[in-house]
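Trainee: Provided below for reference: sequence and predicted model.
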Amino acid sequence: MARELRERKDIPEKYKWNLEAIYSDDSLWEEDYNKVAPLLEKIKTYEGRLTESADTLYETLALIDELERIVSKLASYAHMHNDEDTSVGKYQSMFGRIISLSAQASAATSFIKPELLSKDSDKIRGFIKNHEKLGLYEFALERELRMKAHVLSAQEEKIIAELSEVTGSSGRAFSMLNNADISFGTLKDENGNDVELTHGNYTSMLESKDRRVREDAFNLMYEAFKNHINTIASLMDSNVKSNVIKSRIRGFSSAREGKLYPNDISEMVYDNLIKTINESLPLLHRYLAIKKKLLGVDELKMYDVYVPIVDVPDDEFSFEKGVELMFEAIKPLGEDYTNTVRQGIENRWIDVYENKGKRSGAYSSGCYDTDPFILLNYDGKLSDVQTLVHEMGHSMHSYYTRKSQPPVYGDYTIFVAEVASTVNENLLLRHLLNTETDKGMRRYLINRFLESFRATVFRQTMFAEFELMTHRYVEGGGTLTADWLCKTYDELNSKYFGPDMTHDDMIQYEWARIPHFYTPFYVYQYATGFSAAVAISTRILSEGEKAVEDYKKFLSTGGSMYPVDELKIAGVDMTSPKPVEDAMKVFEELIDEFEALVLSE
């Protein structure tokens with residue numbers, strides 16, 4: 001019998017996050033909300049005179065910090081209350097109001113960048129040098145100033161801004177098609193029941209033990225995209241051309257350079273990733289050969305990739321048991337780290353259990369002036385423990401950053417965002433493998449980690465390589481047609497999945513369902529972040545205290561450095577192929593043990 005979902009009021013307080021630590025009463029939220037409008041008016045008085053003196057520049061930046069702290073605190077409280085029960089109208093309203101207020105804040109501060117960049121850089125640097133308090137903003141200002149060569153005149157910037165609604169239309173059109181207009185039909189599940197195929201249940205269909213269900217779901221999904229393939233190809237062509245043209249207008253040599261330049265990420269990082277993963281494809285092919293053997297199929301098809309080849313253990317982990325397992329796993333990070341996590345548990349950072357109306361999934365949230373907070377929907381499975389450990393990694397990254405940095409550097413970039421969470425996951429896996437003697441559980445643990453490698457490192461790198469190919473083709477004067485996109489993707493997929501994967505014509509349409517392609521040169525960061533995390537966790541376990549201290553320094557840098565430089569503090573140089581090569585060595589070691597375990601049966 002299915003377990004009945006509880007009302008939120010029926011869940012014990014100790015399992016709910018303590019949002020009263022942000023505002024003890026909603027009336028205090030309203031008080032802060034009412035502070036924003038006068039602050040916006042005050043900031044507007046600096047428009048047109050931002051750089052008339054060092055004092056003026058400092059006063060403006062300090063006001064913006066104050067504004068962002070209040071708005072982010074308001075937003076954190078409203079969105080988390082809304083997520084804990086989305087049926088509560090009061091918090092729906094508060095969340096809507098803060099979205100509107102955030103837009104007003106963005107509009108009120110939009111003059112900062114163009115005014116700053118319209119002035120002589122040496123004048124700004126002189127301000128920094130001769131104004132004691134302005135030194136706090138030196139890196140933030142230098143980060144903006146290095147973009148000066150790629151910023152146009154005020155009139156040209158205004159034209160680009162006004163055109164942005166049009167140039168971004170391909171992504172919005174794809175989203176509408178993908179989320180609203182396209183339908184996939186129905187199929188029969190394992191029990192012969194008619195089930196409508198959706199984006200939401202597609203993965204679970206591919207994980208079905210019934211191969212007929214997997215094949216039907218796969219074919220239905222890609223038949224739908226095939227039926228719209230020329231439209232989607234046109235949207236992709238428009239999207240890539242928009243990226244290319246905007247980068248050319250700003251004086252970049254390529255669209256990729258334009259996207260990587262603001263965070264000072266060398267294109268070598270991207271190239272090293274693709275090159276190293278291509279050289280490591282035989283390892284992926286070896287893993288897929290093992291998978292084919294365990295599935296007992298004559299031909300391995302793309303719709304077989306996601307089906308579990310090791311049964312999920314039925315062990316139950318109470319939240320308390322999961323927490324203790326987490327503490328065992330993160331013990332190598334030292335007392336300061338573990339004691340802070342323990343305080344977080346005691347101070348109710350975590351909203352643990354599902355309740356009626358609660359948002360699905362999991363995340364880490366909070367802002368500069370709050371504790372980190374974690375939303376879970378804990379269900380007592382080992383995967384829920386892994387999610388807890390993952391989100392705690394994010395929260396501790398935020399904790400160390402905000403403890404160590406001023407507000408202007410109180411957050412970190414996407415490039416490093418998944419590192420701390422994945423380090424924790426790695427430490428959990430290593431702990432479990434070091435203590436687990438049951439062969440069945442070891443097979444499960446290793447296979448789960450191998451699947452993470454496959455999905456995060458290999459798959460996302462394949463997407464990154466395809467993305468690079470599409471942009472280079474357009475930069476060379478080409479037009480992205482359905483034929484070119486399908487043929488190119490099909491060949492790339494065959495290269496990645498290797499000789500044991502039987503070719504399936506339908507996979508050529510997979511590119512058409514990937515929304516990340518409309519956010520250019522983003523997906524590679526999943527693979528680099530995962531690789532960096534493997535390298536860092538390996539160093540922590542092998543070198544001990546020095547590696548831990550370096551890692552905590554990395555966690556404390558926030559936005560005060562460029563992300564590649566931050567990772568160097570933790571002993572990882574992403575401009576070198578070594579971190580990805582080291583991650584591949586771990587992948588190979590796990591394949592060796594997994595193969596030995598399954599062959600010993």
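Mentor: Looks like it came in fine.
Trainee: what about residue 462, how many neighbours?
Mentor: By other C-beta atoms under 10 Å, 24 other residues sit near residue 462. For every residue, glycine as well, the C-beta is placed using N, CA and C.
Trainee: surely it meets residue 494?
Mentor: No: the pair residue 462 / residue 494 is not scored as a contact, 10.8 Å apart, by C-beta atoms under 8 Å.
Trainee: Give the residue spans of the chain that score low on pLDDT.
Mentor: When residues are selected by pLDDT under 70, those of the chain lie in 1-3, 154, 165, 600-601.
Trainee: can you pull out the strands in it?
Mentor: 186-188, 194-196, 350-351, 363-365, 373-375 (DSSP state E).
Trainee: okay if I get those strands as CSV plus mean neighbour count and distance to residue 329?
Mentor: Converted to CSV, those look like this (neighbours: other C-beta atoms under 10 Å; distance: least, C-beta to C-beta, whole Å):
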stretch, mean neighbour count, distance to residue 329
strand 186-188, 15, 40
strand 194-196, 12, 38
strand 350-351, 27, 16
strand 363-365, 19, 17
strand 373-375, 23, 16
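Trainee: May I see those organised as CSV, with distance to residue 89 added?
Mentor: Below are these laid out as CSV (distance: least, C-beta to C-beta, whole Å):
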stretch, distance to residue 89
strand 186-188, 35
strand 194-196, 30
strand 350-351, 20
strand 363-365, 22
strand 373-375, 20
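Trainee: Counting neighbours, what do you get for the closest residue in space to residue 304 that isn't next to it in sequence?
Mentor: What sits nearest to residue 304 in space, not counting adjacent residues and going by C-beta to C-beta, 6 or more residues apart in numbering, is residue 295, at 6.0 Å. Residue 295 has 13 neighbouring residues, counting by other C-beta under 10 Å.
Trainee: just residue 221 next, same as before
Mentor: Neighbours around residue 221, by other C-beta under 10 Å: 24.
Trainee: residues in contact with it?
Mentor: Residues in contact with residue 221 (C-beta atoms under 8 Å, 6 or more residues apart in numbering) are 184, 197, 202, 513.
Trainee: Go ahead and confirm the last one touches residue 178.
Mentor: What that stands for is residue 513. Yes: judged on C-beta under 8 Å, residue 513 makes contact with residue 178 at a distance of 6.9 Å.
Trainee: can you tell me how far residue 256 sits from residue 240?
Mentor: The gap separating residue 256 from residue 240 is 11 Å, by C-beta to C-beta, to the nearest Å.
Trainee: An error on my part: the question was meant for residue 275.
Mentor: 23 Å.
Trainee: Of those two, which one has the most company?
Mentor: Ranked by neighbour count (other C-beta under 10 Å), residue 275 and residue 240 place residue 240 first, with 25 against 14.
Trainee: just checking, that one touches residue 472?
Mentor: No: the pair residue 240 / residue 472 is not scored as a contact, 9.9 Å apart, by C-beta under 8 Å.
Trainee: Of all the residues in stretch 462-475, which ones are buried?
Mentor: Counting neighbours by 16 or more other C-beta atoms under 10 Å, one finds that the buried residues in stretch 462-475 are 462-471, 473-475.
Trainee: Adding distance to residue 20, write these out as TSV.
Mentor: Compiled in TSV, these are given as follows (distance: C-beta to C-beta, whole Å):
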residue	distance to residue 20
462	46
463	42
464	43
465	49
466	48
467	45
468	48
469	52
470	49
471	49
473	55
474	53
475	54
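Trainee: Helices - which of these land there?
Mentor: 462-471, 473-475 (DSSP state H).
Trainee: which residues touch residue 426?
Mentor: 533-534, 537-538.
Trainee: Just give me the closest of the residues you listed to residue 399.
Mentor: Each of these was scored against residue 399 by C-beta to C-beta, and residue 533 proved nearest at 17.7 Å.
Trainee: and residue 496, how far is that from residue 222?
Mentor: Counting by C-beta to C-beta - residue 496 and residue 222 are separated by 17 Å.
Trainee: One more: residue 291?
Mentor: Applying C-beta to C-beta to residue 291 and residue 222 gives a distance of 21 Å.
Trainee: again, but for residue 25
Mentor: In terms of C-beta to C-beta, residue 25 sits 53 Å off from residue 222.
Trainee: So if I had to pick from the two, which one is more boxed in?
Mentor: Between residue 25 and residue 222, counted using other C-beta under 10 Å, the more crowded position is residue 222 (23 against 9).
Trainee: Now residue 342: closest residue in space, sequence neighbours ignored.
Mentor: Per C-beta to C-beta, 6+ apart, closest to residue 342 is residue 327, 7.3 Å.
Trainee: Just give me the neighbour total for the one you found.
Mentor: Residue 327 - counted by other C-beta under 10 Å - has 14 other residues nearby.
Trainee: And for the one 5 residues further on?
Mentor: Applying the criterion other C-beta under 10 Å, we find 19 residues in the vicinity of residue 332.
Trainee: ok, residue 173 - contacts?
Mentor: When contacts are counted by C-beta under 8 Å, 6+ apart, residue 173 touches residue 235.
Trainee: what's the spacing between it and residue 234?
Mentor: 9 Å.
Trainee: correct me, but residue 102 touches residue 75?
Mentor: Yes: using C-beta under 8 Å, residue 102 is in contact with residue 75, at 6.5 Å.
Trainee: Show me which positions of stretch 108-120 end up buried.
Mentor: 108-109, 111-112, 114-117, 119.
Trainee: before we move on, back to that, list just the nearest of the contacts of residue 221 to residue 129.
Mentor: Set against residue 129, the nearest of those by C-beta to C-beta is residue 513 (52.5 Å).
Trainee: Could you count how many residues lie near the closest one?
Mentor: Neighbours of residue 513 using other C-beta under 10 Å come to 17.
Trainee: so what's it closest to, chain neighbours aside?
Mentor: residue 225 is the one closest to residue 513 (C-beta to C-beta, 6+ apart), at 5.5 Å.
Trainee: How many neighbouring residues does that neighbour have?
Mentor: Neighbour count for residue 225, taken as other C-beta under 10 Å: 20.
Trainee: And the one 10 residues further on, by the same measure?
Mentor: Burial measure for residue 235: 24 neighbouring residues, criterion other C-beta under 10 Å.
Trainee: Leaving out chain neighbours, which residue sits closest to it?
Mentor: Nearest one to residue 235, counting by C-beta to C-beta, 6+ apart, is residue 170 at 4.5 Å.
Trainee: Tell me which residues touch residue 556, please.
Mentor: Counting by C-beta under 8 Å, 6+ apart, residue 556 has contacts 400-401, 403-405.
Trainee: Now which of those would you call buried?
Mentor: 400-401, 404-405.
Trainee: Surely residue 14 and residue 348 touch.
Mentor: Yes: counting by C-beta under 8 Å, residue 348 is a contact partner of residue 14 at 6.9 Å.
Trainee: what does stretch 41-60 contact?
Mentor: Residues contacting stretch 41-60 (C-beta under 8 Å, 6+ apart): 63-64, 67, 108-109, 111-112, 115-116, 119, 123-124, 127-128, 130-131, 133-134, 137.
Trainee: what's the spacing between residue 562 and residue 525?
Mentor: Residue 562 is 14 Å from residue 525, by C-beta to C-beta.
Trainee: what's the answer for residue 377, then?
Mentor: 26 Å.
Trainee: what about the two, which has more around it?
Mentor: The neighbour count for residue 377 versus residue 525, taken as other C-beta under 10 Å, is higher for residue 525 (24 against 16).
Trainee: show me what contacts the residue nearest to residue 524 when sequence neighbours are not counted?
Mentor: Nearest residue to residue 524, sequence neighbours excluded (C-beta to C-beta, 6+ apart): residue 464, at 3.8 Å. Contacts for residue 464 were tallied using C-beta under 8 Å, 6+ apart; they are 270, 273-274, 521, 523-524, 527.
Trainee: From these, which land in helices?
Mentor: 270, 273-274, 524, 527.
Trainee: got these as JSON lines, with distance to residue 418 and neighbour count columns?
Mentor: Rendered in JSON lines, the data for these read as follows (distance: C-beta to C-beta, whole Å; neighbours: other C-beta atoms under 10 Å):
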{"residue": "270", "distance to residue 418": "17", "neighbour count": "25"}
{"residue": "273", "distance to residue 418": "14", "neighbour count": "24"}
{"residue": "274", "distance to residue 418": "19", "neighbour count": "17"}
{"residue": "524", "distance to residue 418": "12", "neighbour count": "23"}
{"residue": "527", "distance to residue 418": "10", "neighbour count": "26"}
